[in-house]
Structure formats: C-alpha cells, structure tokens
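1. dropping the sequence and predicted coords here.
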Amino acid sequence: WVHFHNSLLMSTEEEHGRARKGIPDKLLRCFWDLASADIETRVHGSLNLLGQLDDSSAAGNTAQVDYTLNRLLRGLSSSRAGARQGFATTLCELVRRFGKAWDLLGTVKKLHALTVGDSSVKGSEEKEHAFGLIFGFHALVKSDVLDHACLQEIVAQCIDIAGKRHYCRLLSYRVLAECMYLEKKKLATNLVRNQVFATFFENVRVNEMDADSLYLFVEYHNVGASYSDAFFSEVIESIQEAAKISSSVHPEIHPLWLALLQAFSTRETFRRLWKKAVEQCLFVSSPERRYLGCSLLAHIIEQQSLCTVEEALSRVFFEFAEKTMSASKQSDLRNAVIRIFEALQLRFQKEGDNKREKLSNIMSVWQNATPDFDRRTATKYLSRSMSLLGSSSIDAYCRRLLSELSNMSTNNVDYIKILDRLTSTCKQHSKLGISVDIVNDTMALLVNAYKRNGCMV
C-alpha cells in the first residue's frame, strides 16, 4: 500500500512537473489538506483552494483551474486517509463553479481514462481506480450542471462497472439513482430512467431481487412517483429478506431503507412497512439487526413527520425497549435505545407547543405497553425516559393518568395500579417541577382511596 501511494504521488509529480510551473505553493499545499483524515482539515483545505481559484479566475488566469481539475481527477484513485472524500467533494464544487464553460463530456471521458481506462493497472490498484471512477461520477452528477450527453455516458459506464465489479455494485446503483433524479429535475425527460428499467427490471420479479437491486427498484419508482398497490405489496413481500442485510460485524443503514421511507410516506403504507420489516423482523432478530432497527427509529424521529414518529413508537417498540433496558449489563443495544429517547428530546426542542403536546401524548403509550412485565423495571425506565424528555412531558403523562382515573370507579381492579403509577411518577420527578395542581389532585385521590378502600397505596 505504501508503495502504491508513493508511486501514485511520484507519477503525479513527474507528469505534472511542467504544468506546476507558475502554480503558487499556497495552492499546492491545499491538496495535502484535502487528503487529511480529519474532516475539518479537508473542509478548510477545500474552501481555501476554491477561494484561490476564484481569485485567479477573476484575474483571467485559467491555468490554475486546469491544473486543479487534472490533479483532482487523478487523486480520486488514492485511498490514503481521506483523499478520495476530500478530492471528490472539491471536484463537485469545482465543476459547479467553473464547469459550465468546459467540455463536460470530455471531462467525463478523461475521468474514465485516468482510472479504469488505464490497462496497466492490476490487482488492488485496479480496485482503487474503480472506486475513484465511481466517486468521480458521483461528484460530477451532484454538481448539477451536466447535460444529457454526459448523463448517458455516466449511465453506460455505471451499468458496465456494476456488472463487472461486485464491490462497486451498490455505489454504481447510487450514482444511477442520482442520474435519474438529475434528469427529472434539469432535463424533464425519462431516457435514463427508461434505460435503467430496461437494463435491470424488465424481466425480473421483485421477490428475486437482493437488497441492492431492490434499492435501485424503489428509487426508480421514487423518481417517477409511480406507486401502485401492486408495488407496495411486492416490496412488502420481499422486504423481510432484504431487512436482514446488516453485517454481523458492522451494522449500518443500507440506502434501501431511506428509499423505502420516501416511497412508504403515507401513514397507512408506512405502518405496513414498519410492522413487516422492523417489528416482525429486525426487533426479533439478532442483536446487530435489533441495533439497526434502533438506528432506523432514531433517524425517523430526527427526520420524518410526527405522524410517522407516532406510528413507529408503537406498543411493540416499548415492549422491545423495556426488555432491552431490563438487561443487567450495559450494551450497545441499551445505548441505542437511550439514544432514541435523546432524539425525542431534541425533537421536543425543535417543535412548537402544539407539536410538543403531540409528542408527549406518544409517551402515554407506555402505560399500557407491558402490563405483565416487571413493574419496577418499567417504572425505572419510564423515569429515565421522562427525565430525558423534560418536565412538560411528565406533566402531560400525569394528566393523562388523572383523566383516566376520573372516568374510573374506585372499585375497579386497575384503579389502584394506575394511582400507584401516578404517585410513583410524582415522587420520582419532584425535582423537575411537576405542576402543583397535579400534586394536589394526586393527594386528593390518595386520601379518597384510603377512605373508601381502607388500603395504603
């Protein structure tokens, strides 16, 4: 690896020795920052580089821009630290700022020639060059300035590389999805979308697709907003196997999930998806897949509508959370559950008063979540979650219990249980400042229960 990186840098130095004449040292130093493993250093280097190019271009000097483009295209094939990420991000912004005056189709072909088009590259270097090509294509598409001829060239190359290199397959599909979105946004045509369908899905059944193919299939429908009952049913039937794609070593959110959240955006369709793929699959599977389910839920709380949050925070989740939190030792899974409630706390801070009340009401689902489970464990976890959500949530929860008690006979077998739960909540959260009227009403109910039933609560 050291030999590869050194040889790559040496070849770059030799081939661009002449081109570097007249390139200031302060601009050349920026490329070292672009390859840093630290994201802040990469961002600073990119902004510094682009700022210098803006100044030189305004002065009529295009040599620095030309040199930067060539060096960025070559640098995409390096896996040193954060080089590929830094060079791709800077390439995207460079094309966005200056690319309208270029032969962009020629730039696309040059990228291919400098990466996988080099027949002398073999073995691990060939793999790095393939990754460089895909990162470069993604940067060019995200620049938002490509015409249809450029998109067609990129689509053809991505289809080719997806078929030849399995390790680039998902990355190629993501670039294809970006091409379809860009075509719809900028060109108002469906040529790329039709080509994707004809290549991958025309004679393929949905239940035969793996997770990567299902991702591209869902994105194909997302671009055209072409949903039907058959689409939802077919995806639902195929999702359980695709839901098991998380690695047993490093669980991560596959892009399929984000595409599914976009497609299943209505309350009814989301509920079908969540029940089948998460509640009946991830939450009852391996620890890695349960962790993936928690990551998805945290993402939903942070990014999706409150209706979607309400559907996801169901009785099944609270049962799962309670059993997870009752474990005797700390674990990544326990921490993932806690992060879900921390995400709720942040959502509270962002929403207005009306929406905060809706989120507080979601928490009331807890009271009926696990009636047969250890109540001490449930109360302890409820205390923890309410502390995260703040006093407004505790007030809403207590008022909900008071409302239930007001409509219930004191002879009801559940009356004392609910009153006990209310009293415990008031006691545990007294330091957070529970409203005085709640405390007074609770005390009155306690006195009345003692007089009527002659029992201590």
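-> Noted; the coordinates are in hand. Keep in mind it's a predicted model, so treat the numbers as computed, not measured. Numbers count the residues shown, from 1 in each chain.
2. count the neighbours of residue 63 for me.
-> Residue 63 is flanked by 12 other residues according to other Cβ atoms under 10 Å. Bear in mind the C-beta positions are built from the backbone N, C-alpha and C, glycine included.
3. hang on, isn't it packed against residue 22?
-> Yes. Using Cβ atoms under 8 Å, residue 63 is in contact with residue 22, at 6.2 Å.
4. which ones are touching residue 196?
-> For residue 196, the contact set (Cβ atoms under 8 Å, 6 or more residues apart in numbering) comprises 155, 176, 180, 216, 220.
5. can we see that at 6 Å?
-> 176, 220 (Cβ atoms under 6 Å, 6 or more residues apart in numbering).
6. mind checking which helix or strand it is in?
-> helix 191-200 (DSSP states H and E).
7. got the buried residues for that helix?
-> 192, 193, 195, 196, 197, 200 (16 or more other Cβ atoms under 10 Å).
8. ok, stretch 216-231 next?
-> Buried residues in stretch 216-231, defined by neighbour count with 16+ other Cβ under 10 Å: 216, 217, 218, 219, 220, 221, 222, 223, 227, 231.
9. which element is residue 232 on?
-> helix 229-242.
10. what about that helix, average pLDDT?
-> Helix 229-242 carries an average pLDDT of 83.
11. buried stuff in it?
-> Neighbour-count burial for helix 229-242 [16+ other Cβ under 10 Å]: 231, 232, 234, 235, 236, 238, 239, 242.
12. residues in contact with that helix: which ones?
-> Residues contacting helix 229-242 (Cβ under 6 Å, 6+ apart): 206, 207, 211, 214, 221, 269, 272, 276, 277, 281.
13. same thing but at 10 Å, please
-> With Cβ atoms under 10 Å, 6 or more residues apart in numbering as the test, helix 229-242 has contacts from 205-215, 217-218, 221, 227-228, 254, 256-257, 260, 263-264, 266, 268-269, 272-273, 275-278, 280-282, 285.
14. isn't residue 154 up against residue 147?
-> No. Judged on Cβ atoms under 10 Å, residue 154 makes no contact with residue 147 at a distance of 11.2 Å.
15. so what sits against both of these two?
-> Common contacts of residue 154 and residue 147, defined by Cβ under 10 Å, 6+ apart, comprise residue 105.
16. between those two, who's got more neighbours?
-> Shown here are residue 154 and residue 147; by other Cβ under 10 Å, residue 154 has more neighbours (28 against 11).
17. what's the next secondary structure element after the helix or strand of the chain with the lowest mean pLDDT?
-> Sorting the helices and strands of the chain by mean pLDDT, DSSP states H and E puts helix 2-15 at the bottom, at a mean of 45. Downstream of helix 2-15, the first helix or strand assigned by DSSP H and E is helix 25-34.
18. chain center to that following helix, what's the gap?
-> Its chain's C-alpha centre and that of helix 25-34 lie 32 Å apart, by Cα atoms, centre = their mean, to the nearest Å.
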